[in-house]
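> this one's structure only:
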């Protein structure tokens, strides 16, 4: 018997749930360089749910794409946060539906008991802050993968 490899899951849709900061780090890594628009944000205060539809770069498939000399892929994914008490943003205009968001990372700042603030860190100094009763985040792929328009994987040069 052999251990599973990272590539074993490359063709399956991702569906992950985070209840701890360590879990959230995995989702954050998968969402790095995901893009979306402000009109894909939904804040359902009554249901205490925040959702964001993103076009996620398939980091889990990038090595295979390079090795096989095929296009990199993206997939539409839904980021859903439950138990949200308050949502606010800084550095973006939610009224402008064409604003493109580029997600850099997700961070959790714990408060009392299980509560805290989930930060959605965006490129260009933007962020969305969600005060949560507890950490309850889901990432689910909701489309089939498609060829990324860019011919290269996202890169992050060091300053």
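All right, it came through fine. All values reported here derive from a predicted model rather than from experimental measurement.
> Quick check, pLDDT for the residue nearest to the spatial centre of the chain.
The residue lying closest to the centre of the chain (Cα atoms, centre = their mean) is residue 31, at 3.5 Å. Looking at residue 31, its pLDDT reads 97.
> Excluding chain neighbours, what is closest to it?
In this structure, residue 31 finds its nearest non-sequential neighbour in residue 103, 5.2 Å apart by Cβ to Cβ, 6 or more residues apart in numbering. Yep, even glycine has a C-beta here, placed from its N, CA and C like the rest.
> For the helix or strand hosting residue 43, buried residues please.
Counting by DSSP states H and E, the element that carries residue 43 is strand 41-44. Applying a neighbour-count criterion of 16 or more other Cβ atoms under 10 Å, one finds 41, 43 buried in strand 41-44.
> Would you mind pulling up the elements that that strand packs against?
strand 49-57 (3 or more Cβ pairs under 8 Å, 6 or more residues apart in numbering; DSSP states H and E).
> Quick one: mean pLDDT for stretch 127-143?
Mean predicted confidence for stretch 127-143 is 97.
> dump the residue contacts of the residue nearest to the centre of the chain.
Going by Cβ atoms under 8 Å, 6 or more residues apart in numbering, residue 31 touches 54, 56, 77, 79, 103, 105, 106, 139.
> follow-up on the earlier one: can you classify the residue nearest to residue 31 as helix, strand or coil?
strand (DSSP: H, G, I helix; E, B strand; the rest coil).
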